[in-house]
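**Q** This is a predicted model, with the sequence first.
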Amino acid sequence: MTHPADYIQRLISEGEHVHQDFKFEISDARKIAKSISAFANTEGGRLLVGVKDNGKIAGVRSEEEIYMIEAAAQRYCQPPVDLHTYIYKVEGKDVLEVVIDESPRKPVYALDAEERRWAYVRIKDENILASPIHLNIWQHNRHEEKVIIAYTQREQQVLNLLAQHPCLTLNQCQRLTRMNRKLITNLLADFIRFGLVEQVFTGHAFYFRLKD
């Protein structure tokens with residue numbers, strides 16, 4: 001059986017990545033809701049609370065941090081997210097592991113100070129604001145709508161455009177096709193669901209390109 005300290009040290013040695021984030025402390029429930037949203041909207045993951053960004057163990061300082069995480073998941077996430085929490089004693093300090101499952105009801109939104117809803121996704125070791133394409137795909141998936149693509153002139157126009165460029169942003173696709181925002185968003189989302197196009201994140205922006 002793996003010793004709790006060895007288990008946590010093994011996780012820390014992995015560093016921060018798409019499924020793991022370190023938190024030195026929890027001081028703002030709304031901020032932690034962003035992390036919960038990102039993991040729930042992607043493939044799930046874990047927070048290690050009481051661990052600094054460099055992997056040094058600081059320990060959880062109070063039970064209030066645990067309550068704040070629960071508040072983040074239940075009050076500042078829509079829909080609320082169920083968490084799995086575990087406390088481990090490492091180097092004489094408590095480390096809190098918070099496991100977030102991938103949500104079957106995407107999108108999970110995080111509420112900001114003005115009660116506005118924002119959905120996030122986890123990319124590498126960052127929480128990134130979800131794109132309109134993510135939201136469109138999730139909406140269709142929740143309603144279990146089938147993907148039906150009719151190859152009219154507008155569909156072919158978008159595919160031809162992507163064939164002429166390595167990758168394009170949503171704004172570029174809209175400008176070059178002269179389509180309205182809703183239409184180009186729907187088309188790109190359908191192409192992604194049908195496996196023709198992929199969405200990639202690079203240089204702090206989402207791009208679209210034909211799938212190999």
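**A** Noted; the coordinates are in hand.
**Q** make it CA atoms for all contacts and neighbour counts henceforth
**A** OK.
**Q** Check the gap between the residue positioned nearest the centre of the chain and I8 for me.
**A** In the chain, the residue lying closest to the centroid (Cα atoms, centre = their mean) is V121, at 1.6 Å. Separation of V121 from I8 (Cα to Cα, to the nearest Å) stands at 25 Å.
**Q** what do you get for R61?
**A** Note on R61: its distance to I8, by Cα to Cα, is 17 Å.
**Q** So if I had to pick from the two, which one is more boxed in?
**A** Using other Cα atoms under 10 Å, the more surrounded residue of R61 and I8 is I8, with 19 against 16.
**Q** For the one helix or strand that one maps to, buried residues please.
**A** Assigned by DSSP states H and E, I8 falls within helix 4-14. The neighbour-count check on helix 4-14 (16 or more other Cα atoms under 10 Å) flags 8, 12 as buried.
**Q** Where do the domain boundaries of this structure fall?
**A** The chain breaks down by automatic domain parsing into domains covering 4-125, 132-210.
**Q** which of the ones you listed is buried the deepest?
**A** Of the domains of the chain, the one with the most neighbours on average (mean count of other Cα atoms under 10 Å) is domain 4-125, at a mean of 19.
**Q** so how far is that one off the chain centroid?
**A** Put simply, domain 4-125 sits 12 Å off its chain's centre (Cα atoms, centre = their mean, to the nearest Å).
**Q** do stretch 129-147 as well
**A** A distance of 14 Å separates the centroid of the chain from that of stretch 129-147, by Cα atoms, centre = their mean.
**Q** sorry, back to before: mean pLDDT for the domains of the chain: which is lowest?
**A** For the domains of the chain, the weakest mean pLDDT is recorded on domain 132-210, namely a mean of 93.
**Q** what's near enough to touch I57?
**A** Contact analysis of I57 by Cα atoms under 8 Å, 6 or more residues apart in numbering lists 50-51, 90-91, 93, 95.
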